[in-house]
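Chemist: With the sequence up front, the predicted model follows.
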Amino acid sequence: MTVMASKRYEQAATLVDRKKAYALSDALALLKEMPAVKFDETVELSVSLGIDPAKTDQAVRGTVRLPHGTGKTRRVLVFCQGERELAARDAGAEYVGSADLISKIEGGWMDFDVAIASPDLMREVSKLGRILGPRGLMPSPKVGTVTEDVAKAVAEVKQGKVEFKMDKLANLHVIIGKRSFAVEHLVANAGAALEAIIRARPASVKGQFIRRVALSSTMSPGILVDIRPLLEQHAST
């Protein structure tokens, strides 16, 4: 079955030179020139990595705090108890609890975007691995979502901290904001995300780490990004 592209998409595609890798600021400016839809589209970076996803020592995962946030209110759930509960609520967490939340999730409730846990509850929270794991929601000390200071973790999420994780094809995707953002804010967010990905390079990886970067909004075609200046700058530091 052939899916016909919309006229708006086709019009946007005519603005993009598929053979060209654009400077980051130029790519984002071009994205803003494309015909708009009726909602504020999410802007995302798609990164293809030159690694073997079958090798566990080459898994790429990390976090980055976007200087201008994501433009989206992220609902935070915190597994904790005692004094930490009040601290998590004061920091802005929408859902705080322990056994009660675990039972709700086991029953199919999933109305949250980020899960954080204190270490003392991870034995119980680990029972949710088959539910939260496939959705990328399982708390992990590697990305700071298993922590004694749950209030700090909540505040960081609310301030624009996002997680990135490589998939089975050695690609990863990072949200960098909304189409309504000023170009300079998207540039700053994208730059921060790419820097974080470069820093997350596993020591065992040889050769070219980042093969290809493209950016797009929810309803737009992809635009290739030239990240050589960023790679050269990083290599010189």
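Modeler: The structure has been received and is ready for your questions.
Chemist: tell me the SS of the residue positioned nearest the centre of the chain?
Modeler: Geometric centre of the chain, nearest residue: Val174, 3.6 Å, by Cα atoms, centre = their mean. Look at Val174: counting by DSSP: H, G, I helix; E, B strand; the rest coil, its state is strand.
Chemist: Leu231 and Ile198, how far apart?
Modeler: From Leu231 across to Ile198, the span is 7 Å (Cβ to Cβ, to the nearest Å). For every residue, glycine as well, the C-beta is placed using N, CA and C.
Chemist: Can you check which residues contact both of these two?
Modeler: Residues touching both Leu231 and Ile198 (Cβ atoms under 8 Å, 6 or more residues apart in numbering) are Ile210.
Chemist: What is the worst-scoring helix or strand of the chain on mean pLDDT packed up against?
Modeler: None of the helices or strands of the chain scores lower by mean pLDDT, DSSP states H and E than helix 228-235, at a mean of 75. In terms of contacts (3 or more Cβ pairs under 8 Å, 6 or more residues apart in numbering; DSSP states H and E), helix 228-235 is packed against helix 183-199.
Chemist: List of residues touching the helix it packs on?
Modeler: Residues contacting helix 183-199 (Cβ under 8 Å, 6+ apart): 24-25, 28-29, 32, 43, 45, 47, 60, 62-68, 162, 164, 172, 174, 176-177, 181, 209-210, 213, 215, 227, 230-231, 234.
Chemist: If we use 6 Å, what do you get?
Modeler: Helix 183-199 has contacts (Cβ atoms under 6 Å, 6 or more residues apart in numbering) with 24-25, 28-29, 45, 62, 64, 66-68, 174, 176-177, 230, 234.
Chemist: farthest-separated two in the residues you listed?
Modeler: Ala29 and Gly62 (27.8 Å; Cβ to Cβ).
Chemist: Of these two, which one has the most company?
Modeler: Gly62 (19 against 14; other Cβ atoms under 10 Å).
Chemist: State the distance from the residue lying closest to that one once chain neighbours are set aside to Lys165.
Modeler: Nearest in space to Gly62, with sequence neighbours left out and distances taken as Cβ to Cβ, 6 or more residues apart in numbering, is Ala200 at 4.1 Å. According to Cβ to Cβ, Ala200 stands 10 Å off from Lys165.
Chemist: For Glu44, which residues are in contact?
Modeler: Contact analysis of Glu44 by Cβ under 6 Å, 6+ apart lists His173, Ile175.
Chemist: same question for the helix or strand containing it, mean pLDDT?
Modeler: According to DSSP states H and E, Glu44 maps onto strand 42-49. Mean pLDDT, strand 42-49: 96.
Chemist: next helix or strand past that strand?
Modeler: strand 61-65.
Chemist: Which strands and helices lie in contact with that next one?
Modeler: Applying 3 or more Cβ pairs under 6 Å, 6 or more residues apart in numbering; DSSP states H and E, we find strand 61-65 packed against strand 161-165, helix 183-199.
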